[in-house]
Structure formats: structure tokens, C-alpha cells
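# this is a predicted model, with the sequence first.
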Amino acid sequence: MGQSSGSTNPTASKAAFANHLYCKLCDVVCSSADAYAAHMRGSKHQRILKLQLKMGKPIPSQETPEYVAAAAKESKAAVPPSAKILKTTTATGTKRVFGTPRISFVGGTQLQTTGVKLEEVTIDKPTAKQGNNNSQTECDADYDAEDKDAQPIGLEYIEESLNETRTAPNFYCKLCDCSFTDPHAKVMHTKGRRHRLQYKKKVDPSLKVDIKLSSYHSRADVERMKRRVAAGEFWRKKELQDSYKLEAEDLRYEKELLQWQLEKTAMRFDCMSTSSGTAASILPGEKSCFVEMGSKRDAEHVTAKHAAIYPTEDDLAVVQNLVSTCERSLKLVSDHLATVKVSRDLKGVMRVGLLAKGLLLHDCLDFKLVVLCSYRPTQTLLKDIMDSLPEQLETFTEEKYKFALVQEGSGFTFASVDEDGDKGKIKCCVTLTSPAVNPDSGAEQKSAAGNEADNVDVKPCLKALAELRHAKWFQAKATNLYSCVIVIRIMMDFCKRVPTWSVLTQWSLELLVEKCISSENAKLGPAVALRRIFEAVASGILLPGGPGVYDPCEKTPTDAFEYLTRQEREDLTNSAQHAVRMMAFGDIHKILGMDPLPDSAPIANNKRKRASSS
């Protein structure tokens, strides 16, 4: 800023301001043309000029500067009263310096000062240097005036209130944390870069704000900054994607590790506690050579035994052929009886027992079917079915079959005949029943003819209904239970070989196996599940006063082992304890009734031989 001089004393010498220049816009007196030119290029003059342009105020002409001499003759105070005299001491002597008055902004549409402005006088045209400065100022003003085309944004974040005297409004911008009193300043602020940048940062990141070029940055620097920002955004997204991939890999690894631990736990067997008789689980992290080797050998023996008792492919094909023949022939009989009579007596055929549960063994291939009737079965209906079966069989097959009534008189057997006339090894038992037989159903229990003497025995019919409930429960609970079907087949073979266990019925055995396996949260392998069953019986659940096993297919609470006597319960508990001891000592092949398998990897003998003393 150039030197400026002025006087606030009315009696000051008029000759002191003879050749001084005056800036009407800033209300500043300059002592020479060079000081005036420096003032025009200074930041203070440019700031006031830009403010006037933004507020739309008239701009005094800058081409012809004013001299103070002509106006000083007519004015009482040749020097503006707002000027302040400062005395400075230099090498040549004392020099008076006039400072620029402070401009205070007040509410309204006009820019005012507290001092008295000087009169305008005409002077000669400025030099070429001054003209260049003026053109530069106009260029800067035009560049800053580009914000005039922008639309105001974020008006909802500007609060309006009254001042303390409640005479003029006050405005406060919550985004930029600034306040102002002029409505035009509010509009200019909402169009400015500062407000738009804060709006982009805090409200709408998608708002585009152009980068402002300054004298310190060239276009190459701006492009370089844009490339840096783009590169930073690219690497930030890449790091985010890599972190997502790492998290997915960690999650997959944890799932595989958990599955491996569950499978490894299923291949081990638990060490039985000597004090309470319960099983103490071995954690997956623990390692015991004896436990792992014994569990592996037990699993191999159980798998080999199951493969030996499972039906062959030929046996399953024969069973499937006989089942389809029985079901098709009974369907044809039902259609034939429906044409003879007005109503359909046979409603459907259901598979029950070992066939419905998938528990057939190679030496036990007989299966059962249940025929549902619309009313209580009678001897007459049973006779009509048996008389019509041979005729219907001849319509679709040339094989010969034999039929025989069962002892209870509520059904018949269905078996194939060989070329020699002997019965085949597979037999199908068909039982007639009806929901009307159940006294709790509330249905009519009378026969169609009304003759009670012609009705079949009710006990086999109730047993057939119970087998239907058992088949539905088994398919819902035990079929998809890990190792359940395999262990049931092995226990069925064990009950046939051991007389003590032969007293158990098929339904109670299935319940015992399902409860023991489902009570464990983890998946159990066949060997571990078999050991768990023997441990449960050895703990005394079947003894008098024990918890027993609840029958889920009965309405009233019923123990599935209530048919056992006290002696049979004690014998079963003693036999289970003996089986647990044999499994603990590695003699599971004796329980399964098979020869021990050869060792897949013989264990090295690490014991040192004793040195013989001479």
C-alpha cells in the first residue's frame, strides 16, 4: 500500500494538500501519483471494489483521479475529518502520515462511512501503468462475478432473527458458522464458494463445485490435483474391496474349521466317567492316541457290520417288485368293488413297519401294508378282497402268488410262488383297519351291514393305526437324523443274537436310539452313537424308578418300556454295562458278532527290551 496522508485539523495548512490525490471509493488521500497507483493495486482497494461489485453498488470512475487542491479552496475542511494524522521520524526529518479510516458496515442497501467525503475534481488522464491496473481489476471482478449465475442453495440452513433493538434482521448460516445483517449479503453468501463447499461436505456430496484458479496454481497444477484425488478414490475403493474379500475368506475358513471339528468329534468316542457313569466329552483340541485309534477302529467295525447286514441289490429289487404288485392289485380290487357296490369301501393303501422306515435287513425282508376302509372292517369285506385279488393279478402279471388269512382274522398274507410251487422268502402282510375303530375318534364304529358278529378283531386294527402313527413320526424325526438308521439296523441284529435284548419291541428300540442320538447337539458317528446307547441303558434309565422313554405317539403319558418286567429291566442294564466295558477295552467286534478286522496301520512297539543280565 502506498503512502497516504491527510489531516483532521481544520486549521492545517492548505498548501500541504496541494498535489495530493484522493480515492473516492476508499476515502483515502494519497501524497503522489505513485502512491495512488500503489493504492489502486493494493489488496484493500481490490477488496472494497469486489464487495461493491457483489452488492451491486455504483462504482466511482477510476480513470480520472481527483486532486484535493481544487476542492480544498471551497471546503471548510480541506482534509477529510475521518483521516488520522500519524507522525513518523525518518532520516531526513519528521514526516506526517495520514492513515485510512476504518469502514464500518451497517444494515441497509448503501455503503456508508463515518467521515465526510471530499469533493470531486477533474485531473488529467492516468498513465499507461494505471490503465493496466484498472483492466486487471476488472478481469478479477468479472471472474469473481461468475457466482452471480449460480442458484442459491441451502437457504433452509440460514436462520433469520431480529437484533437486540428488534429493528433490523440478523442472518446466521449453520453450515458456515457465520452471521450477517444484509439480505443481499445473505443471497451472495448462498451463491458463494465457501457456502457451496460446506453444503457439499455436510449435506450433498454429489454437488459439483468448480476448482477456483488462483495466481498460485496453474491449470497443470489443477489437473495434477484432480488426478491425485481420483487416484486416492481408486485406491480407497480397492482397499475396501480387498477387505470385503478377506472377511469372506475368513468366514469361509471358520465354517470349514467348524465342520471339520464336528466331523472329527463324531469319529471319536467319549470316555465314561467311573463315578457317575455318564459320558465325558473329549474336546476337538485334545489329542489322545488311544482314543483316536480306538474310535477309528470302532467306526471301521461298525461300518463293516452294517455292510454285512444291509440287503443286497437283488433283494431290494425283489422287494420293490412285490410291493408294486401288491399296491397295484389292491387298487384294482378297490375299483372293482366300487363298481359292484354304490360306495367305495377301500380308501387307500399305506406302507408301515420296516418298509416305510427303510430298516429292512438281508435276513428280514418281510414287510407290512395297511388298507384303510371307510367303515369298520368285516369278514365279508376281507373275503371279497381275497376272492377278487387273483382275477385282478391276471390282468397285468403272469407270476403266481399265494394268499392266506392271518391268525387274528383281520388281514391276509401275500407271497410269490416259485416254479416248484414253494413260497418265496419275502412275504407281505396286509391288514385292514379304519379310523372308526379308534374309540377316541368319535366316528361310527358299526359295520356297513350292522352285524357286530361279522366284524374283525379290533386289536389288530388298533395296532395297524398305531403303526401308521409310528411310521409318520419316524419319517419326521429319525429318517434325517445322522447315523440313526444305521445304528437301528445294528441294534436290530444285536437284539436277534442276544436273548436278553430280544424282549424289546421294534418301536421301543427305535425310540431308544432316536432319543439317545438327538439329545446330543453335535453329529455322532455310528460307533459313537452305538456306545452312547449302551451307556444310556447302563446308567439305569430302564430300571424301576428310572426316567424311562416317553412315547410321543400316545395322547396320555406312556412309557414305551412299560411291558418289561423288573427282571428283564435289570438284565438289560447288566448287559449294557458289560457291552460298555467291552467297547472300552477295544472288543467291539464281540458285541457285533464278527471277527476283528486287521489293523490298517500296525502300531510300532516303542518299549525297550530289557537287557538280559549275565
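Yes, it's here. Numbers count the residues shown, from 1 in each chain.
# for the stretch 501-614 of the chain, which segments count as helices?
506-518, 526-538, 566-584, 588-592 (DSSP state H, counting those that start in this stretch).
# adding distance to Gly358 and mean neighbour count, write those out as CSV.
Backbone N, C-alpha and C define where each C-beta goes, glycine included. CSV is the format used below for those (distance: least, Cβ to Cβ, whole Å; neighbours: other Cβ atoms under 10 Å):
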stretch, distance to Gly358, mean neighbour count
helix 506-518, 12, 20
helix 526-538, 16, 24
helix 566-584, 25, 17
helix 588-592, 21, 21
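# in this structure, where's the longest strand?
In the chain, with assignment by DSSP state E, the single longest strand is strand 423-433.
# strands paired with that strand, and their directions?
Strand 423-433 has its sheet partners listed here by DSSP bridges as strand 367-373 (parallel), strand 411-417 (antiparallel).
# of those, flag the one that's most buried.
Of the strands paired with strand 423-433, the one with the most neighbours on average (mean count of other Cβ atoms under 10 Å) is strand 367-373, at a mean of 22.
# name the residues that touch it?
Residues from elsewhere that reach strand 367-373 (Cβ atoms under 8 Å, 6 or more residues apart in numbering): 319, 323, 326-327, 330, 345-355, 360, 381, 385, 426, 428-435, 464, 467-468.
# now the helix or strand just after that strand: mean pLDDT?
Once the chain leaves strand 367-373, the next helix or strand it forms, by DSSP states H and E, is helix 379-393. Mean pLDDT, computed over helix 379-393, is 89.
# off-centre distance for helix 379-393?
60 Å (Cα atoms, centre = their mean, to the nearest Å).
# Thr397: which of the strands paired with strand 423-433 is closest?
Set against Thr397 and scored by Cβ to Cβ, these come closest in strand 411-417, at 10.0 Å.
# what's near enough to touch the residue nearest to Leu512 when sequence neighbours are not counted?
Distance criterion Cβ to Cβ, 6 or more residues apart in numbering; nearest residue to Leu512, sequence neighbours excluded, is Val549 at 5.8 Å. By Cβ under 8 Å, 6+ apart, Val549 lies in contact with 508, 511-512, 515, 541, 559-561.
# switch the cut-off to 10 Å
Contacts of Val549 were listed using Cβ atoms under 10 Å, 6 or more residues apart in numbering, and they are 508, 511-512, 514-516, 536, 541-542, 558-562.
# closest one of those to Gly593?
Leu512 (19.7 Å).
# and the closest one, what's its pLDDT?
95.
# and what of Gln62?
Reported pLDDT for Gln62: 70.
# before we move on, back to that, list the buried ones in the longest strand of the chain?
By neighbour count on 16 or more other Cβ atoms under 10 Å, the buried set for strand 423-433 is 426-433.
# and what of stretch 313-332?
Within stretch 313-332, the residues that count as buried by 16+ other Cβ under 10 Å are 315, 318-319, 322-323, 325-326, 328-330, 332.
# check stretch 182-196 too.
Buried residues in stretch 182-196, defined by neighbour count with 16+ other Cβ under 10 Å: 182, 185-192, 195-196.
# where along the stretch 201-350 of the chain do the strands fall?
For the stretch 201-350 of the chain, the strands defined by DSSP state E, counting those that start in this stretch cover 271-272, 279-280, 346-352.
# what sits up against the helix or strand that the longest one is followed by?
If you walk from strand 346-352 toward the C-terminus, the next helix or strand you reach (DSSP H and E) is helix 353-357. Contact partners of helix 353-357, identified using Cβ under 10 Å, 6+ apart, comprise 319-320, 323, 350-351, 359-361, 364-370, 428-429, 464, 467-468, 470-475, 478-479, 485, 488-489, 492, 506-507, 510.
# ok, now stretch 166-182?
Stretch 166-182 is contacted by residues 55, 105-109, 153-164, 183, 185-190, 192, 194-199, 201-203 when judged by Cβ under 10 Å, 6+ apart.
# 7 Å - rerun?
107, 154, 157-163, 186, 189, 194-195, 198-199, 202 (Cβ atoms under 7 Å, 6 or more residues apart in numbering).
# in strands only, show me those.
Of the positions in the contacts of stretch 166-182, 158-162 sit in strands, assigned by DSSP E.
# can the helices of the stretch 501-614 of the chain go into CSV with extra columns for distance to Arg41?
Output for the helices of the stretch 501-614 of the chain, formatted as CSV (distance: least, Cβ to Cβ, whole Å):
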stretch, distance to Arg41
helix 506-518, 93
helix 526-538, 95
helix 566-584, 104
helix 588-592, 105
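# nearest to Thr64, of those?
Taking Cβ to Cβ, helix 506-518 is the member of these nearest to Thr64, at 105.7 Å.
# kindly export the closest one (C-alpha atoms) in CSV.
Provided in CSV are the C-alpha atoms of helix 506-518 (Å, rounded to 0.1, in the frame of the first residue of the first chain):
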residue,chain,number,x,y,z
GLN,A,506,-39.2,-102.7,17.3
TRP,A,507,-41.0,-99.5,18.3
SER,A,508,-39.3,-99.2,21.7
LEU,A,509,-35.9,-99.9,20.2
GLU,A,510,-36.4,-97.1,17.6
LEU,A,511,-37.5,-94.7,20.4
LEU,A,512,-34.4,-95.5,22.5
VAL,A,513,-32.0,-95.0,19.6
GLU,A,514,-33.6,-91.7,18.5
LYS,A,515,-33.7,-90.2,22.0
CYS,A,516,-30.0,-91.1,22.7
ILE,A,517,-28.8,-89.6,19.4
SER,A,518,-31.0,-86.5,19.3
